[in-house]
Structure formats: structure tokens, C-alpha cells
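Participant: Build the 3D model from these lines:
(one chain, ligands or ions: 1)
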Amino acid sequence: MFTVGSFLLTAVLGLAGYIISKFIWQIYFSRSNGSRIPGPPIINEKEGNLRELRQAETLSTYIEGLHNKYGPIVLFYMGPQPVVSIGSAELFQESMQSKLFDRPEVLFKPPLVEVITASSIQLTNGPEGRRRHALYSHFFNATAKFFPQFQKCIDEISSSLAGSDGPILLKPIAFDLTLSVMSKCAFAGVFAESELTRLISFYDLWSSDIEKKLKGRDIDEGTAYPEQIRKIVEDALSKRRRGEVLIWAIYFLAKQPDIQDKLAREMRQNLSGSSENWEIVPEDVERLPYLRQVLNETLRLRSPGPFAARISDKSHQLGGFQIPPNMPVMHAIGYVTHHQAYYEQPQSFDPEHFSPENVQKRHPFAFKPFGFAGNRMCPGNRFAVQEASVSLALLISRFHFRLVGDVTATPNVGFVTRPNEEIWVTVEPRR
Ligand code: HEM
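Facilitator: Numbers count the residues shown, from 1 in each chain. The predicted structure is shown next:
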């Protein structure tokens, strides 16, 4: 009797809890006029929309499809977990009001994104996350100090390109360059030059090697940025952006030689001396507006970071809806940068999308490749732009890149946007 009674009580309480929680979600997901955040129907409570999510190539492609169908704010279910995604410049701007910093772990775990270690800054929230973010920003924002290293690495790559006499793969060039820049800039002072060269050449062993080395090593008091370096190592271990910007930029420029030549002309007109011994300083980059247009267009069309996300333990407003506490909100960065509401011919590579007139006409939040919200935008943004600028400036002014065959590289839009195909190029010195 007692068992039946407690069973009935549990069942009644369970049912009541279910109805109340349903009711609460209804309130949260409804506008004051009763309309709900649009989104796909779910087949059952446990699965949510997981089946369609699995069928889509990646989470990014899934939410792009949802925004196309349901509009700028959508609600979907990853299993029982509801997730909101926003996909318009206007909503990006509005979301700034709630100043959200924390990142929802649920969206940054395998298999949705490639492995990010638990200790990574990407998954560190609260005061510790803010402290680490500030350290990164402090270290990477002072980009002028990195220019000699950029130059050195690009000069080395240029020498090996000058000696090449047949088709070469683009990925290893961009990959080696990014790794050597990253190692020399972030780890100089911790590793000797010879060790760095070894680390770069054994990339597969790179992460564990650095980790072992740092664990066994006391970094002297007074070493430049010891704490930053340790933290950067942790993230370097999980970092998955390996020169994709350079790969895409060279690919697009090889595909459209007139744009490549226009860029080379800009360099020749604005930098004095010969391209072999140009030493680029930060002020030079300011004098190359077309270079910045080309770079922005590459970041727009092949967003290296196609989405960001936030979570809060408090309820907040978005697009007229009340978002409940602990609800992950995705920012569909890549979707917005491909949207025809902001860009004419959004699927074409056209640096004129970033002409001063077009930039002025556009909503400022329609181009946010480095994220935007809650003082947690990419702390490597200045570093990434300056490194890519110097790399492109020197490489394009020294060489003419041509595609081998009529290749069309399609994007694989995951946590990072990579080409699906291998891209072969020939490299000829520019006269
Ligand atoms: C073009 C290249 C890059 C792009 C487009 C990019 C984009 C992004 C985006 C969208 C985020 C998430 C921001 C958010 O949550 O609002 C991010 C975070 C981050 N990026 Fe980048 N990134 C790039 C290169 C770099 C580089 C070169 C570094 C290091 C030098 C770097 C370090 C980081 C770190 C540490 C975070 C996490 C910050 C945190 O959690 O507080 N990124 N990046």
C-alpha cells in the first residue's frame, strides 16, 4: 500500500513538475503577444532536433539553415537542451546590452567542435575567464613588437618559395608560416631558436612536447610574460586555426588575378625600395587600404570563426523575447556576413564590399568576424589581422600565385572554416 501510495505521489509530482516546467518555458519563449521564438518542430522531448543536426554537416550549417527558414532568432533543441541562435546585425547589437561574458560549455564540446581542452580559456568563465582574457589581450594587442618576427618568418618562407620549380600545396605553406609566427611570437624567450625550429618541423609532437617541457621547467621570475606564455601554451594545444585566412586569401587572389595584380600594385606604389628587402612596419599597413579590403573580404566570405555563443545565469531580453537563465545563445557570425540584407552578391569574393562607401552604408554589426559580445571578442584579433596583412603584403608583392587546374575550393564550415579540397598553386617571382 505504502509503495503504491509513494509511486502515485511521485507520478503526480512528476507530472505537475513537467506541466509547470513546460508552462515556464512557454512564458519564457513567448512574446507578450503570445508569439513564440520560431524554430523547427521536435519529434520527441529526448531527441529534440538532434536527428536534423546530425544530418547537417556541422552545427554552423545547421543554424544557417534554420535562420534561412525561420528568421533572425530561432529556437532549437539539442536533445532536451533548448538553444537560441541569433542571426542579424540588429540582434547582435541589441545583445550587447546584456554584456554577457560566459561561454556555454555544451556548444563547445566534441563532436560539435574539435577538441578544446577543459582547461582552455575558451571554457573558462567568471572572474578567472575575465582575468585570462585580459592577459591575452594585453599580450597580443601590442602588435608592433611582433613585426620583426612576422618579417623574419615570411622572409624564410619567401626564400623557400623562390626556390620552388613546380606546383606546390598551399596548406603546408600557410600552416608552416602560422606555426612559425605563433611559436616565435608567443614562445620566444622560453625556447631557443633551434628548439623552435624543431618544434615546428615536428608539428604532430608539438603540443605534447611543449606541454612536457613547460611542466618540467621553472620559468624565471622576470621572464617576459611568463604567465601569458603558460596560458597561451594551453590554448595553442587546442587551437585549431592554422593559417586558414592565408590559404583562403591566396586561393581567392589566384582565382581572380586582376585583384591579385591590383593588390601588388598598391604595395609597389606605397612601399619604397624593392620587394625583396622591404621591411614592413605597422605604419605601412595603415597605408595599404586595398590590402585591408582584401583581408576583410576573405574574413567575410570564409569566416574563420563562424559562430560564438554566450550564457547567463540571469534572464534577459532579445528581439522582444524573454531569454531564460542558463539558456545558451549562439551568435551566427558567419550567417550574417553572407547575408544579402547586408552584402550585394554575398557569395562572390569582391573586396569592393569593403570600399569606404559600402562600409559606411552598412550596419556596423554586419561584419564581426572576431565576435563582439561582453568584452570577450577574440583577443588575438589585432595579431591575426597584422600577421595576415604582413604575410599577404610581402608574399603578393614578391610572387604571382596561380591555381593549378580549374579548382573550386568549397568551405567546410565547422568551428573553423577550412577548404575541403587540397589547393595546388604555382609560384612565380613577380617582376
Ligand atoms: C583570423 C583569425 C581569427 C579569427 C577570425 C578569430 C575569431 C575568434 C572568435 C569568433 C572567437 C570567439 C569570440 C566570442 O566568443 O565572442 C575567438 C576567441 C579566441 N581567439 Fe580568436 N580568432 C582568430 C585568430 C586568433 C589568434 C591568432 C589567436 C591567438 C593569438 C586567437 C586567440 C583566441 C582566444 C584565446 C580566444 C578565446 C577568448 C576567450 O575565451 O576569452 N584567435 N576568436
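
Participant: hey, let's count contacts and neighbours off CA atoms from now on
Facilitator: Fine.

Participant: Return the distance of residue 64 relative to residue 72.
Facilitator: Per C-alpha to C-alpha, to the nearest Å, residue 64 is found 10 Å from residue 72.

Participant: Can you name the element that comes right after the strand or helix carrying residue 135?
Facilitator: Using DSSP states H and E, residue 135 sits within helix 126-141. Sequence order places helix 147-162 as the next helix or strand after helix 126-141, per DSSP H and E.

Participant: Output the contacting helices and strands for that following helix.
Facilitator: helix 170-187, helix 381-398, strand 424-429 (3 or more C-alpha pairs under 8 Å, 6 or more residues apart in numbering; DSSP states H and E).

Participant: Now do the contacts for the residue nearest to the spatial centre of the chain.
Facilitator: Here the mean C-alpha position of the chain is nearest to the C-alpha of residue 305 (C-alpha atoms, centre = their mean), at a distance of 2.1 Å. Applying C-alpha atoms under 8 Å, 6 or more residues apart in numbering, we find residue 305 in contact with 333-334, 369-370, 415-417.

Participant: So which of those wins on neighbours?
Facilitator: Among the contacts of residue 305, the one with the most neighbours (other C-alpha atoms under 10 Å) is residue 333, at 31 neighbours.

Participant: in stretch 163-176, what counts as buried?
Facilitator: Residues of stretch 163-176 classed as buried by neighbour count (16 or more other C-alpha atoms under 10 Å): 168, 170-171, 173-176.

Participant: One more: stretch 304-316?
Facilitator: Buried residues in stretch 304-316 (16+ other C-alpha under 10 Å): 304-312, 316.

Participant: Now render the residues you listed as TSV, adding distance to residue 350.
Facilitator: Output for those, formatted as TSV (distance: C-alpha to C-alpha, whole Å):
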residue	distance to residue 350
304	17
305	20
306	19
307	22
308	25
309	28
310	32
311	35
312	38
316	38
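
Participant: Intersect the residues you listed with the contacts of the ligand.
Facilitator: 304-305, 308-309 (C-alpha under 6 Å from any ligand atom).

Participant: pLDDT added to these, as a markdown table?
Facilitator: Formatted as a markdown table, those follow (pLDDT from 0 to 100):
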| residue | pLDDT |
| --- | --- |
| 304 | 82 |
| 305 | 84 |
| 308 | 93 |
| 309 | 95 |
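
Participant: what's the most distant pair in the residues you listed?
Facilitator: Pairwise distances across these peak at 15.0 Å for 304 and 309 (criterion: C-alpha to C-alpha).

Participant: distance of residue 109 from residue 331?
Facilitator: Taking C-alpha to C-alpha, one finds residue 109 at 17 Å from residue 331.

Participant: These two: which has the busier surroundings?
Facilitator: Neighbours of residue 109 and residue 331, each counted by other C-alpha under 10 Å, are more numerous for residue 331; the result is 27 against 15.

Participant: Show me which residues of the stretch 101-250 of the chain sit near the ligand.
Facilitator: Residues of the stretch 101-250 of the chain lying near the ligand (C-alpha under 6 Å from any ligand atom): 121-122, 133, 245.

Participant: Nothing else from me, thank you.
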